[in-house]
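In: Predicted model follows, preceded by the sequence.
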Amino acid sequence: MSLITLQDITKIFNRGRPDEFTALSKVDLEIESCRLAVFRGPSGSGKTTLLSVVGCMTKPTAGRVFVQGREVTSLSERFLTDIRRHTFGFIFQQFHLLRGISALENVILPAYPSGEKLSVLKKRGKRLLDLLELSPRATASVEWLSGGEAQRVAIARALINDPFIVIADEPTAHLDTKLSRDFMAIMERLKSEGKTILVTSHDPLIYESATVDRVLDMRDGRILSERQGT
Ligand SMILES: Nc1ncnc2c1ncn2[C@@H]1O[C@H](COP(=O)(O)OP(=O)(O)OP(=O)(O)O)[C@@H](O)[C@H]1O
């Protein structure tokens with residue numbers, strides 16, 4: 001069974017208005033577990049919109065989304081929030097870290113709604129920072145971190161709820177070659193630990209990486225072609 005299935009997904013923004021825009025058009029997609037897929041395509045081709053539909057952040061205008069066989073398209077926001085929290089970890093292009101608080105506090109933020117004790121969350125956050133070789137920076141306020149460190153904090157934060165799927169939108173757009181390779185090495189490790197990784201990227205260092213299983217090319221809100229990784 002696929003981890004995620006998209007059936008005939010269409011997403012129209014500003015429907016019925018003069019600026020109506022079809023960002024996704026009748027997309028079908030199956031995502032299997034423990035694989036790394038890269039979505040690439042020109043700016044505006046619908047990559048981010050597609051991953052936000054997959055990640056249950058955006059409701060499609062038409063079509064159905066299944067998460068582990070369960071149809072989620074018609075669920076209320078309350079149920080979706082719950083599914084989102086346990087299924088997906090998100091790494092955003094600009095990292096979206098909260099300034100003024102420490103790296104560790106940023107990492108554990110998405111776990112607060114779980115109601116677990118703060119001491120338990122801190123322990124889990126510290127372990128993740130340790131795995132990403134960031135322990136010495138745990139108490140540093142995030143504005144003092146380098147770009148690579150900030151990204152690793154964002155990765156740790158994406159993992160705090162132990163999601164099945166990690167979604168990264170243009171993760172290396174602001175990183176140099178070494179940091180981009182480091183990012184892929186971390187993704188490779190996560191994949192070997194059983195995570196499914198979905199990435200949007202224009203960066204050859206990402207889509208030509210040996211750890212990539214699938215490269216999907218998008219244009220005009222459709223998946224045009226797909227090739228299996230090297
Ligand atoms: N909330 C929104 N309201 C209106 N239009 C939107 C909205 N979100 C996205 N769009 C439009 O949908 C199209 C697809 O956007 P999307 O961000 O998915 O593309 P993308 O392939 O990820 O592009 P990029 O590589 O530039 O990030 C764009 O033309 C964008 O302007």
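Out: That came in fine, so what should we check first? Numbers count the residues shown, from 1 in each chain.

In: pLDDT score assigned to Pro18?
Out: We have a pLDDT of 94 for Pro18.

In: now do Arg99
Out: In this model, Arg99 is scored at 91, pLDDT.

In: can you check Ser141 too?
Out: 92.

In: Gly229 now?
Out: As predicted, Gly229 sits at a pLDDT of 68.

In: and if you look at Asp82?
Out: Asp82 is given a pLDDT of 88.

In: what are the phi and psi values for Arg124?
Out: phi -70, psi -40 (degrees, to the nearest 10).

In: and Ala23, that one's in a helix?
Out: No. Going by DSSP: H, G, I helix; E, B strand; the rest coil, the assignment for Ala23 is strand, not a helix.

In: so who does it touch?
Out: Contacts for Ala23 were tallied using CB atoms under 8 Å, 6 or more residues apart in numbering; they are 11-13, 46, 49, 221. (Each C-beta comes from the backbone N, C-alpha and C, glycine too.)

In: What separation is there between it and the ligand?
Out: Distance check for Ala23 against the ligand: by CB to the nearest ligand atom, to the nearest Å, it reads 4 Å.

In: where are the low-confidence patches of the chain?
Out: 229-230 (pLDDT under 70).

In: Just give me how far stretch 172-186 sits from the chain centre.
Out: 15 Å (CA atoms, centre = their mean, to the nearest Å).

In: Counting neighbours, which of the contacts of Ala23 end up buried?
Out: Among the contacts of Ala23, the ones that count as buried by 16 or more other CB atoms under 10 Å are 11-12, 46, 49, 221.

In: Among these, which one sits closest to the ligand?
Out: Of all those, the ligand sits closest to Thr49, with 3.3 Å by CB to the nearest ligand atom.

In: returning to that earlier point: in strands, which of the contacts of Ala23 appear?
Out: Counting by DSSP state E, the part of the contacts of Ala23 found in strands is 11-13.

In: who in the chain is up against the ligand?
Out: Contact residues, the chain versus the ligand (CB under 6 Å from any ligand atom): 13-14, 21, 23, 41, 43-49, 200.

In: Count the residues that sit near Asp176.
Out: The tally of other residues near Asp176 (other CB atoms under 10 Å) stands at 12.

In: Could you do Met187 as well?
Out: 23.

In: Could you do Phe95 as well?
Out: 19.

In: For it, which non-adjacent residue is closest in space?
Out: Of all residues beyond its chain neighbours, the one nearest Phe95 is Ala154 (4.3 Å), with distances taken as CB to CB, 6 or more residues apart in numbering.

In: same deal with Asp213?
Out: Arg35 (4.2 Å).

In: Just confirm that neighbour contacts Val212, I think it does.
Out: No. The criterion here is CB atoms under 8 Å, and Arg35 misses it with Val212 at 9.1 Å.

In: between these two, who's got more neighbours?
Out: The residue with more neighbours, out of Arg35 and Val212, is Val212; 24 against 17, by other CB under 10 Å.
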